[in-house]
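Trainee: have a look at this fold, sequence not included:
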C-alpha cells in the first residue's frame, strides 16, 4: 500500500544558520508577493507551486539553491546550471548566498516561472 509522507518546513530549516533561515523566509515572502503560492515541503526540498511546481528550493547550511522552469534557455552568469527537460522547458538553477541575491532579476524569473505553472 502506498502512502504519501507529510513533511514540515522545520525539517528543512533545523540546523541551518540563522542567516540562511532568514534568507529562506525573505525569499518565500517575496515570492508570495507575486501572487497566491502554495509552499509544499517535500523530503529533500521545498516546492513553490500554483497548479504545478514552478520552483524547487533546497535550504543548505550556508546557502539556498533555487531551481525554476522557464520556456526558453536564459544565459546569465548567476545560473549555476540550465537543463533542458522538454522541448519547451528549461530548468535554471541559482544559488543564493546573501539577501541581496533576492533581487528584481531573480523575482522576474520566478514571476515568469509562476505564470507558466498557472496555465
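Mentor: Cool, the structure landed. The structure presented is a predicted model; accordingly, all values stated were derived computationally and were not measured. Numbering: from 1, shown residues only.

Trainee: what's the least confident helix or strand in the chain by mean pLDDT in contact with?
Mentor: With mean pLDDT, DSSP states H and E as the measure, the helix or strand of the chain carrying the lowest mean pLDDT is helix 10-13 (a mean of 93). By CB atoms under 8 Å, 6 or more residues apart in numbering, the list of residues contacting helix 10-13 from outside reads 21, 24, 41, 45-46, 59. (C-beta placed from N, C-alpha, C; glycine too.)

Trainee: beyond that helix, next helix or strand please.
Mentor: helix 18-32 (DSSP states H and E).

Trainee: how about that following helix: buried residues?
Mentor: Of the residues in helix 18-32, 20-21, 23-24, 27, 31 count as buried by neighbour count, 16 or more other CB atoms under 10 Å.

Trainee: closest one of these to residue 93?
Mentor: Within those, distances to residue 93 taken as CB to CB reach their minimum at residue 27, with 14.3 Å.

Trainee: low-confidence stretches in the protein?
Mentor: Filtered on pLDDT under 70, the chain yields the residue ranges 1-4.

Trainee: what ranges does it have for its strands?
Mentor: Counting by DSSP state E, the chain has these strands, from start to end: 38-41, 46-49, 53-59, 64-70, 79-86, 89-96.

Trainee: so which elements touch the first one?
Mentor: Applying 3 or more CB pairs under 8 Å, 6 or more residues apart in numbering; DSSP states H and E, we find strand 38-41 packed against strand 46-49.

Trainee: show me the contact partners of the strand it packs on.
Mentor: 9, 12, 28, 31, 37-41, 53-59, 110, 114, 117.

Trainee: swap in 7 Å and give it another go.
Mentor: By CB atoms under 7 Å, 6 or more residues apart in numbering, the list of residues contacting strand 46-49 from outside reads 9, 12, 31, 37-40, 53-57, 117.

Trainee: possible to save the residues you listed as TSV with distance to residue 91?
Mentor: Rendered in TSV, the data for the contacts of strand 46-49 read as follows (distance: CB to CB, whole Å):
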residue	distance to residue 91
9	23
12	20
31	17
37	18
38	19
39	19
40	17
53	11
54	11
55	10
56	8
57	13
117	13
